[in-house]
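[1] need a 3D model of the following:
(one chain, ligands or ions: 1)
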Amino acid sequence: MQERPLLTKSALQHFATDRSYENGTGYYIKGAVGKVIRDGTVFTAYVQGSELYKVRLRIANGRAEKHCSCAYAKDSLCKHAVAVALAVIDGQYALIDAKPPVQQSAETEPMLYEVEDLLAKADERSKSAFLRELLAKNAELRELFIRYTTQYPTTLSA
Ligand SMILES: [Zn+2]
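    Model (predicted):
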């Protein structure tokens, strides 16, 4: 089954100001778009800008509609939404519940973006419990941990 392109770059340019399009392109190129998940016509991803933004983009019938956690108030697409749309145009998305493709390059796998806000929210106790669990499981990590603590002892004792 052949799928028609969801959106083209020239169509995308209609839905964004020149400036948003340009900045969004910059974000996309430097790898600021996290993993994009497709659920029907809705694409969701985190974009690392001055903060981490969550973007939901609905793409249907060649049109794109955004919900982004940034303060951009216009109806047109913000730079974060443009960045996600470019990833979608390039086919850089996974279907919801689908396993990620086996051959995934490092840039399309920025899991750090997704855990960063969780890390900020988690309390010290659950973080150190998690660390303990990891260290118990993995000898290589134990070695890294010992090396890290002997190299930067002050950051840990603070
Ligand atoms: Zn935005």
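[2] can you pull the domain assignment for the protein?
    With domains defined by automatic domain parsing, the chain comprises 9-103, 122-157.
[3] in TSV: those domains, plus mean neighbour count, distance to Glu114 and mean pLDDT.
    All C-beta atoms are positioned from the backbone trio N, CA, C, and that covers glycine. Listed next are the domains of the chain as TSV, based on neighbours: other Cβ atoms under 10 Å; distance: least, Cβ to Cβ, whole Å; pLDDT from 0 to 100:
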stretch	mean neighbour count	distance to Glu114	mean pLDDT
domain 9-103	17	6	91
domain 122-157	10	14	83
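[4] would TSV of those with distance to Glu116 be doable?
    Output for the domains of the chain, formatted as TSV (distance: least, Cβ to Cβ, whole Å):
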stretch	distance to Glu116
domain 9-103	6
domain 122-157	11
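[5] what residues does this structure have near the ion?
    Cys68, Cys70, Tyr72, Cys78, His80 (Cβ under 5 Å from the ion).
[6] farthest-apart pair in the residues you listed, please.
    Greatest spatial distance in the residues of the chain next to the ion: Tyr72 and His80, 8.0 Å, computed using Cβ to Cβ.
[7] can you map out the helices along this protein?
    Secondary structure of the chain (DSSP state H): helices at 9-14, 18-29, 79-89, 111-121, 124-137, 139-151, 153-157.
[8] just checking, what packs against the second one?
    If contacts are counted by 3 or more Cβ pairs under 8 Å, 6 or more residues apart in numbering; DSSP states H and E, helix 18-29 sits against helix 79-89.
[9] please state the offset of the helix it packs on from the chain centre?
    Computed by Cα atoms, centre = their mean, to the nearest Å, the chain-centroid distance of helix 79-89 equals 11 Å.
[10] quick one: work out the angle between it and helix 18-29.
    Put simply, helix 79-89 runs at 60 degrees to helix 18-29, going by axes from the mean of the first three to the mean of the last three Cα atoms, to 10 degrees.
[11] returning to that earlier point: CSV for the residues of the chain next to the ion, including distance to Lys127?
    Formatted as CSV, the residues of the chain next to the ion follow (distance: Cβ to Cβ, whole Å):
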residue, distance to Lys127
Cys68, 29
Cys70, 28
Tyr72, 33
Cys78, 32
His80, 28
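[12] no further queries at this time; thank you.
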